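**Q** Sequence isn't available, so here's the structure alone:
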């Protein structure tokens, strides 16, 4: 999932009902630990991996043609601002495209 800090934080905070104090504590935790960790360990590595694969005009990854790299898993990006239903449809379509 690729989304901005506000979108991701809003989704995290809205997963369950919390008291105002719990929401504030989780919000601070998210700002101090979760988002920086995402940027450091996930976003940076995903960006590096995506830079190594080619995509078609629609942004769909093109599998490598040479034998050793053809075993490499393909990576897709989902827009975190889309609804959950759309995200599920996009993820399923991507997975099915990889099963050929």
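**A** Ah, there it is. All values derive from a computational prediction rather than experimental measurement.
**Q** Give the buried residues for the longest helix seen in the chain.
**A** Secondary structure of the chain per DSSP state H: the longest helix is helix 84-98. Buried residues in helix 84-98, counting neighbours by 16 or more other C-beta atoms under 10 Å, are found at residue 94. Every C-beta, even on glycine, is put in place using the N, C-alpha and C of the backbone.
**Q** who touches the nearest residue to residue 1 once chain neighbours are set aside in this structure?
**A** Of all residues not flanking residue 1 in the chain, residue 80 sits nearest, at 4.4 Å (C-beta to C-beta, 6 or more residues apart in numbering). Applying C-beta atoms under 8 Å, 6 or more residues apart in numbering to residue 80 gives the contacts 1, 2, 3, 4, 7, 8, 11, 87.
**Q** In terms of pLDDT, where does the nearest residue to the third one once chain neighbours are set aside sit?
**A** With sequence-adjacent residues excluded and distances taken as C-beta to C-beta, 6+ apart, residue 3 is closest to residue 80, at 2.7 Å. At residue 80 the predicted local confidence, pLDDT, stands at 83.
**Q** just residue 58 next, same as before
**A** With respect to pLDDT, residue 58 scores 65.
**Q** How are the helices of this structure distributed by residue range?
**A** Counting by DSSP H, the helices of the chain are 5-13, 20-29, 35-37, 44-51, 84-98.
**Q** For residue 75, find the nearest of those helices.
**A** With C-beta to C-beta, the closest approach to residue 75 among the helices of the chain belongs to helix 44-51: 5.3 Å.
**Q** Just the residues contacting the closest one, thanks.
**A** Contact with helix 44-51 is made by 2, 75, 77, as judged by C-beta under 8 Å, 6+ apart.
**Q** swap in stretch 18-26?
**A** Contacts of stretch 18-26 (C-beta under 8 Å, 6+ apart): 12, 13.
**Q** Could you give me the buried positions within it?
**A** Buried residues in stretch 18-26 (16+ other C-beta under 10 Å): residue 26.
**Q** I appreciate the help and will end here.
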